[in-house]
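1. Output the structure for:
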Amino acid sequence: MINISKRDDHILPTVRIHKIVLNNFKSVKHGEVVFACAKRFVPQDTYSDVLGIYGQNGSGKTAIIEALSILKRALSGLSIPPTYAECVSKDAEPAQLEFTFDFQYPEPAGYKRTIIYSFDVKRVETKDESGKEDVGTYKRRKYPYEVRICNESIVASGFFDGDEDKGKHTIINSIGGKSYPIGPVSNLEPLVGKNKDGLIIDLQVYKRLAYEKSKSFIFSNDTLDLFNANSDYSEVFQILFELAEFGMGYLHIVDTRAASGRDKTRFTLNTRLGKMDMSIFGTNSVPKGLMSHINSIFKTINTVLKQIVPDLQVLPEITGTDKGEDGEELDVFVLVSHRGNVELPLRDESEGIIKLVSVLALLTAAFNDRSCTVAIDELDSGIYEYLLGELLIAFEEYGKGQLVFTSHNLRPLEVLKKEEIVFTTSNPDNRYIRLKGVGRTNNLRDLYLREIVDEDQDEPLYNASKRYKLVAAFKKAGRGYGEEIENQ
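-> You can find the predicted model right below:
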C-alpha cells in the first residue's frame, strides 16, 4: 500500500466521480454514465449523490461496478486480480476505462479542478513465473489469463499555478517517448526534480515491474515514492497523491466478481479499512489488539441495524483464546444475532440481514462523509423492497457522500429522482441512457416497464422474447423428458 503522508499545509479536496466511460469492457462496446452531480454544482457539506443502474441481465450493469473495482485497485497501487481478465474479450482490442473526477477544495482555497484518469486494460496469457512446473501449471489452469494496465493518462483543468485555466492539460502519462518512460517532458521536473536523466533507469524498471504485476505504473508504490522523494511536493504530485488517497481511503466497492467462488459459509464485512472475511458457521480468530476495532465496527452497524429491524443486533462474542503460528495471542469469537432475549448464530438469519450487516459500515461512511464513494452490486439482494426504498430515501435526502448501486428490484424507481437513475440498453455501442420524456408526475417504474414494450426511447431497453417463442422453447426442451425419468 502507498504510505506517503500529506504535508501539514495540504488541504484535501472533496472528490466526486462525475463520469465513467467504458469501451470494449465486458458486453459494453461503448458506454458513458454521467452522474447527477456532474449536471449541477454541489456545494460542500450539502447534497449526496446517488446513481442506480437498471437493465436486463448481461446488459452492462455490473460492468460499471467492476470498472470501479479496477479503478480502486489501480489508484491504491494494488495488483488487479486475474479474474478481471474475463472482462476483456480475448479477440478484442484492449478495454479502455475513463473516469472523470471533480476536486472541490474547501476554504480558504475554495477552488475546483476537473481530473480525468484513463487507462487500457489488456488480457494476456498467464506465464509460469513460479519456477515450479506443478505450481505454474495449476495457476495457468485456474487463471489462464491475467490483466495488464497500460497507456495511463491523467488530464486536468481548473486552478493551477495560482490561476483559473479551463483548458485541459496532460499532467502525466505512462506512454512516454524514446527518452523517458513517462510524459509529458514539460512535467518531468515537477515530478522528479532536476535529476530526471539520472532517474530514467529506475522509472523504466518500475514501469516493467508494474506491468508484469498487473498494477498501475503511475500509482505503484515505487513510482509515487520516487516522485515524493524528488518532486518537492509539487502541485502535479499533489494531484497524484489526492487520487491515490481517494482510491485507498474513500472509494469502496462491493463487487460480486470479487466474491465469486467464495465459501458460502463465510461472509465479507466491508469496512473503510478494508474487507474482513469471516465465518458465519464456525469460529474466527484475530490478534487481541484487533478485537476492539471489530467491536467498534459492529457498534456502528448495530446503531443503524436496530432501526431497520427492531431490536436486532449482531455481536462478535468471544468464546476463548488461541495461539497463532508465531505464538501470537488470539481472541476466538463467533457472530451471534440478538433479538430481545433470543440469540441465534448469524448463519440462521436471512440472506437480506446478512447482506445488510456486510455493507452497513460502508453505507454509514458514505452517509456521513462527502468524499466517500460506495458502489454496491446487487444492493437489493435479499432485502425487502420497501426497506430498500427507505434506505435510499434517507441517503438521498440526508446523506453527504456518493452511492452507486445496481438492482433488479424496481422500488428505487419510485423513490429516486429521474436524474439519479441510468438504464442499460440492448445496443452495445450505446449502453447507458436516461429516459426521455419523464414528467414531474410520472412514475418512473411504470414508465420504464411501458417503454420496454413500446420502445419509444432513442435506444431499445430490452431484447424482448416473444412469449409464444418462450413457450415453444420450453416444450421443445422437454421433449422426451417423461421417458428419460421413467428410464432412470
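2. quick one: average confidence on stretch 89-101?
-> What stretch 89-101 shows for mean pLDDT is 87.
3. same thing with stretch 234-251?
-> 93.
4. helix, strand or coil for the residue lying closest to residue 343 once chain neighbours are set aside?
-> Counting by CB to CB, 6 or more residues apart in numbering, the nearest residue to residue 343 once its immediate chain neighbours are dropped is residue 336, at 5.6 Å. Heads up, the C-betas are built off the backbone N, CA and C, glycines and all. Residue 336 carries the three-state label strand when classified by DSSP: H, G, I helix; E, B strand; the rest coil.
5. Could you check the pLDDT of residue 336?
-> Listed pLDDT for residue 336 reads 94.
6. Burial check on it, number of neighbours?
-> For residue 336, the number of neighbouring residues by other CB atoms under 10 Å comes to 16.
7. Could you tell me which residues within stretch 82-95 count as buried?
-> Of the residues in stretch 82-95, those buried under the neighbour-count criterion (16 or more other CB atoms under 10 Å) are 82, 83, 84, 85, 86, 87, 88, 94, 95.
8. As a markdown table, those with secondary structure would be great.
-> Conversion of the buried residues of stretch 82-95 to a markdown table gives the following (three-state DSSP):
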| residue | secondary structure |
| --- | --- |
| 82 | helix |
| 83 | helix |
| 84 | helix |
| 85 | helix |
| 86 | helix |
| 87 | helix |
| 88 | coil |
| 94 | coil |
| 95 | strand |
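9. Closest to residue 326 out of those?
-> The shortest separation between residue 326 and any of the buried residues of stretch 82-95 is 29.8 Å, and it belongs to residue 82 (by CB to CB).
10. Need the per-residue pLDDT for the closest one.
-> Turning to residue 82, the model gives it a pLDDT of 93.
11. circling back: hey, what's the residue nearest to residue 343 bridged with?
-> residue 315, residue 345 (DSSP bridges).
12. just checking, it touches residue 346?
-> Yes. Because the distance of 6.6 Å satisfies CB atoms under 8 Å, residue 336 is recorded as touching residue 346.
13. Now list whatever residues contact both of the two.
-> Common neighbours of residue 336 and residue 346, using CB atoms under 8 Å, 6 or more residues apart in numbering, are residue 314.
14. what's the longest strand seen in the chain packed up against?
-> Secondary structure assigned by DSSP state E gives strand 145-160 as the longest strand of the chain. Applying 3 or more CB pairs under 8 Å, 6 or more residues apart in numbering; DSSP states H and E, one finds that strand 145-160 contacts strand 112-125, strand 163-173, helix 200-212, helix 235-249.
15. if I look at residue 364, how far off is residue 426?
-> Residue 364 sits 37 Å away from residue 426 when distances are taken as CB to CB, to the nearest Å.
16. With neighbour numbers in mind, choose between the two.
-> A direct count of neighbours by other CB under 10 Å for residue 364 and residue 426 places residue 364 higher, at 21 against 16.
17. Identify the residue spatially nearest to the more buried one, adjacent ones excluded.
-> The nearest residue in space to residue 364 (CB to CB, 6+ apart) is residue 300, at 5.7 Å.
18. That neighbour: neighbour count?
-> By other CB under 10 Å, the residues close to residue 300 number 14.
19. re earlier: now do the longest strand of the chain: distance to the chain's middle.
-> Distance, stretch centre to chain centre, for strand 145-160: 17 Å (CA atoms, centre = their mean, to the nearest Å).
20. so that strand versus strand 163-173, what angle?
-> When axes from the mean of the first three to the mean of the last three CA atoms, to 10 degrees is applied, the directions of strand 145-160 and strand 163-173 differ by 160 degrees.
21. For the helix ranked longest in the chain, name the packing helices and strands.
-> Secondary structure assigned by DSSP state H gives helix 288-308 as the longest helix of the chain. Taking 3+ CB pairs under 8 Å, 6+ apart as the contact definition, the neighbouring helices and strands of helix 288-308 are strand 312-323, strand 329-339, helix 351-368.
22. Turn the ones you listed into a markdown table, columns for distance to residue 412.
-> Supplementary listing: those in a markdown table, determined by distance: least, CB to CB, whole Å:
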| stretch | distance to residue 412 |
| --- | --- |
| strand 312-323 | 23 |
| strand 329-339 | 27 |
| helix 351-368 | 14 |
